[in-house]
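J.: Give me a 3D structure for the following:
(one chain, ligands or ions: 1)
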Amino acid sequence: MTSSPCAAAEFSEIMSAVHRALKKHFGFDKFRSQQQEDAVKAVLKGDRDVFVLMPTGAGKSLCYQLPALLASGITLVISPLIALIQDQVEHLKALNVPARSINSKLPSAERRQILADLESESPRLKLLYITPEMVASPSFQPCLSSLCARGLLAYLAVDEAHCVSQWGHDFRPDYLKLGYLRSRLQGVPCVALTATAPKRVQEDIERSLKLRSPLVFAIPVFRKNLKYDVIFRDLLPDPYVHLLAFAKEALGGNTAEKGCGIVYCRTRESCEEVAHKLTKLGIPAKPYHAGLKVGDRNESQTDWMAGKVPVIVATISFGMGVDKANVRFVVHWNLAKSLASYYQESGRAGRDGLPSSCRIYYSPKDRDQLNFLIRKEIARKQEKRGSEKEQDKSPILDFEAMVAFCEQEGCRHATISQFFGNQKPNCAGACDFCRDPRLVRAQLARAAALSTRTGPAQSAEPRGPFGFDPELYAGGRKGYGIERCDEEWGNEEDDSEKRKKEFGDIFRKQMSLRRVSTRTGHSLAKGQMLNLMKTCPGHFSTRNVAQLKR
Ligand code: ADP
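T.: Residues are numbered from 1 along each chain as shown. Predicted coordinates:
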């Protein structure tokens, strides 16, 4: 990094100052990883932009916070959410670091105080957190111009930088304004930070933030302690017994102290069912999903965290912010929506570095259902917007990568690493294909034979979220059934909750109900059902409509 003995001595002095500051301000004795240390060094050097690609919890923030404290001037940190900003600022304030935020929720007196400090000859502030909306707002421009003109901006840090990419799931249009900001702040080094992002998102970030041949600091995607495999569920005589044997082996017996596991399911019903079956077969398991009472859900999580229950069977809402070291296995009973989500979810295994297993119980039927739901969601968004966009294809491409991962003949680790733009790793038997390609090929051949016998999997027109099911109410009952209204098909995190409520309200009014039961179905006369379908067309599958009109 340094070119002369004199410069080398100077740099080693700087690095001892960095270590001292690490201890003094943050209380840490050492850097968390070589990548974290190298990123800090590169930011401090300041001659190149820096791109930090590290998984959540790896300590990305320190890569700009520590240099910000050592540099003269102010570091402007762009972050997408006021809540995230408040967390960070509170944390830094508790460490006595001069950090503040300007946001729309700030009382005006405090805002004036911050602006006055920034206007002063030598501001006290070291880190100023701000949303992309605020940084582009006319009210902030005079302050920004003044800081620039006086050469007081040390760094520009863009946190959650993937929000700039229209290919990413968290795209925030306001992040696009940062390209313009970048052109205004020529000469101010930029640090972009994000958790592991697919290659095309990384490229988008570099382009949009105008990063000039940035130095990239990334924690490699490949984790050799994780063993990946895929089992075709429909080929198994009893999938639950298979899961039980796997869980027992992965837990090294049946004791909680030896570790724990997560089984991810798509619906609440399957969470309940899998947890019940596992418990009945001999491994205590608890469900975790949005349909449980808060107390029950918390209990599932606390029992699992405390090691009282070795297995938690959950929807994907479980896991964010859960940092448990001894997760010995992560099973996907249903397919993840993208390879990126799968990597993140399965990556909760083996954080202690010990051997752990990541398994998908794959089913083409499940694949077709999810495929249908993803396309339906895209169509709904397009309809609402009234136009199509190239980026609409993104969830489909993401999902196809996930399917290809399950149906491939090749190293699973290589697929994941290459998806994230990493080199092909040396898997050394850490996936089923590298361990025994013949078994993977034999399984694929059996699955192909099964699908020719049974015909292509029913191109799924699933019933949810509020689809009706005539068969459900056949056998004595009159009328047409609306299923339980707490159905949880697909996305928990998008607006399907809103859609459910919207439908629930219309349904309640039409049926003159005081409330819609979330536990039972409702039986409707044909006329009522037709009326409902007319009012809420988006909530019924075309197959259902055709069935009713017959
Ligand atoms: P990220 O932004 O990558 O998700 P954070 O910056 O929030 O991660 O850091 C995650 C946690 O790691 C924080 O509690 C932080 O204090 C801690 N941390 C960061 N660097 C170190 C370090 N060098 N040693 C120990 N803990 C660290």
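J.: Run through the helices of the stretch 301-450 of the chain in chain order.
T.: Secondary structure of the stretch 301-450 of the chain (DSSP state H, counting those that start in this stretch): helices located at 339-346, 364-385, 394-407, 412-419, 432-435, 437-454.
J.: so residue 227 is in which element?
T.: Assessed by DSSP states H and E, residue 227 sits inside strand 226-232.
J.: just checking, what packs against that strand?
T.: Strand 226-232 sits against strand 356-362, helix 412-419, helix 432-435, helix 437-454, with contacts defined as 3 or more CB pairs under 8 Å, 6 or more residues apart in numbering; DSSP states H and E. Yep, even glycine has a C-beta here, placed from its N, CA and C like the rest.
J.: between the ones you listed, which gets nearest to the ligand?
T.: Of all these, it is helix 412-419 that lies closest to the ligand, at 19.5 Å by CB to the nearest ligand atom.
J.: quick one: that closest one to chain centroid distance?
T.: Relative to the centre of its chain, helix 412-419 is centred 18 Å away, using CA atoms, centre = their mean, to the nearest Å.
J.: Can you tell me which helix or strand of this structure has the lowest average pLDDT?
T.: Least confident helix or strand of the chain, by mean pLDDT, DSSP states H and E, is strand 480-482 with a mean of 56.
J.: Can you point out the buried residues in the strand or helix carrying residue 117?
T.: Residue 117 is located in helix 108-119, with elements delineated by DSSP H and E. Within helix 108-119, the residues that qualify as buried are 111, 114-115, 117-118, counting by 16 or more other CB atoms under 10 Å.
J.: now, which of those residues sits nearest residue 512?
T.: Distance to residue 512, by CB to CB, is smallest for residue 111 among these, at 50.8 Å.
J.: For this structure, list the residues in contact with the ligand, please.
T.: 28, 31-32, 54, 56-62 (CB under 6 Å from any ligand atom).
J.: residues contacting the spatially most central residue of the chain?
T.: Ranked by distance to the mean C-alpha position of the chain (CA atoms, centre = their mean), the top residue is residue 341 at 5.6 Å. Counting by CB atoms under 8 Å, 6 or more residues apart in numbering, residue 341 touches residue 316.
J.: can you tell me how far it sits from residue 416?
T.: Counting by CB to CB, to the nearest Å, the gap between residue 341 and residue 416 amounts to 12 Å.
J.: do the same with residue 340
T.: Distance, residue 340 to residue 416, by CB to CB: 9 Å.
J.: more neighbours, the two?
T.: Neighbour comparison, residue 340 and residue 416: the larger count goes to residue 416, with 26 against 23 (by other CB atoms under 10 Å).
J.: ok, that one - contacts?
T.: 221-222, 228, 339, 343, 405.
J.: Include pLDDT and neighbour count when you put these into JSON lines, please.
T.: Below are those laid out as JSON lines (pLDDT from 0 to 100; neighbours: other CB atoms under 10 Å):
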{"residue": "221", "pLDDT": "89", "neighbour count": "20"}
{"residue": "222", "pLDDT": "94", "neighbour count": "18"}
{"residue": "228", "pLDDT": "98", "neighbour count": "24"}
{"residue": "339", "pLDDT": "92", "neighbour count": "23"}
{"residue": "343", "pLDDT": "92", "neighbour count": "23"}
{"residue": "405", "pLDDT": "97", "neighbour count": "22"}
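J.: Just give me the closest of these to residue 176.
T.: residue 339 (25.6 Å).
J.: How about the closest one: what's its closest non-neighbour residue?
T.: Spatial nearest neighbour of residue 339, chain neighbours left out: residue 401 (4.4 Å); criterion: CB to CB, 6 or more residues apart in numbering.
J.: next one: residue 361
T.: residue 233 (4.3 Å).
J.: And for residue 260?
T.: residue 310 is the one closest to residue 260 (CB to CB, 6+ apart), at 4.7 Å.
J.: From the ligand, how far off is that neighbour?
T.: In this view, residue 310 and the ligand are 26 Å apart by CB to the nearest ligand atom, to the nearest Å.
J.: State the number of residues packed around that residue.
T.: Residue 310: 24 neighbours (other CB under 10 Å).
J.: tell me the phi and psi of it?
T.: phi -70, psi -30 (degrees, to the nearest 10).
J.: my guess is it meets residue 283, correct?
T.: Yes: taking contacts as CB atoms under 8 Å, residue 310 lies within contact range of residue 283: 6.3 Å.
J.: hang on, the earlier thing: quick one: the residues of the chain next to the ligand as a markdown table, columns for pLDDT, secondary structure and distance to residue 396 too.
T.: A markdown table is the format used below for the residues of the chain next to the ligand (pLDDT from 0 to 100; DSSP: H, G, I helix; E, B strand; the rest coil; distance: CB to CB, whole Å):
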| residue | pLDDT | secondary structure | distance to residue 396 |
| --- | --- | --- | --- |
| 28 | 95 | coil | 43 |
| 31 | 95 | coil | 40 |
| 32 | 91 | coil | 37 |
| 54 | 90 | coil | 28 |
| 56 | 75 | coil | 26 |
| 57 | 75 | coil | 30 |
| 58 | 84 | coil | 30 |
| 59 | 90 | coil | 34 |
| 60 | 93 | coil | 30 |
| 61 | 95 | coil | 34 |
| 62 | 97 | helix | 37 |
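J.: Those into JSON lines, with extra columns for neighbour count and distance to residue 205?
T.: As requested, these are exported to JSON lines (neighbours: other CB atoms under 10 Å; distance: CB to CB, whole Å):
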{"residue": "28", "neighbour count": "15", "distance to residue 205": "28"}
{"residue": "31", "neighbour count": "20", "distance to residue 205": "24"}
{"residue": "32", "neighbour count": "15", "distance to residue 205": "23"}
{"residue": "54", "neighbour count": "21", "distance to residue 205": "14"}
{"residue": "56", "neighbour count": "13", "distance to residue 205": "17"}
{"residue": "57", "neighbour count": "11", "distance to residue 205": "20"}
{"residue": "58", "neighbour count": "19", "distance to residue 205": "17"}
{"residue": "59", "neighbour count": "18", "distance to residue 205": "20"}
{"residue": "60", "neighbour count": "26", "distance to residue 205": "14"}
{"residue": "61", "neighbour count": "19", "distance to residue 205": "17"}
{"residue": "62", "neighbour count": "20", "distance to residue 205": "20"}
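J.: and which of these is nearest to residue 105?
T.: Proximity of these to residue 105 (CB to CB) peaks at residue 61, which lies at 21.1 Å.
J.: coming back round to it: helices or strands up against the helix or strand following the strand holding residue 227?
T.: The helix or strand immediately downstream of strand 226-232 is helix 239-251, counting by DSSP H and E. Applying 3+ CB pairs under 8 Å, 6+ apart, one finds that helix 239-251 makes contact with strand 260-264, helix 268-281, strand 327-332, strand 356-362.
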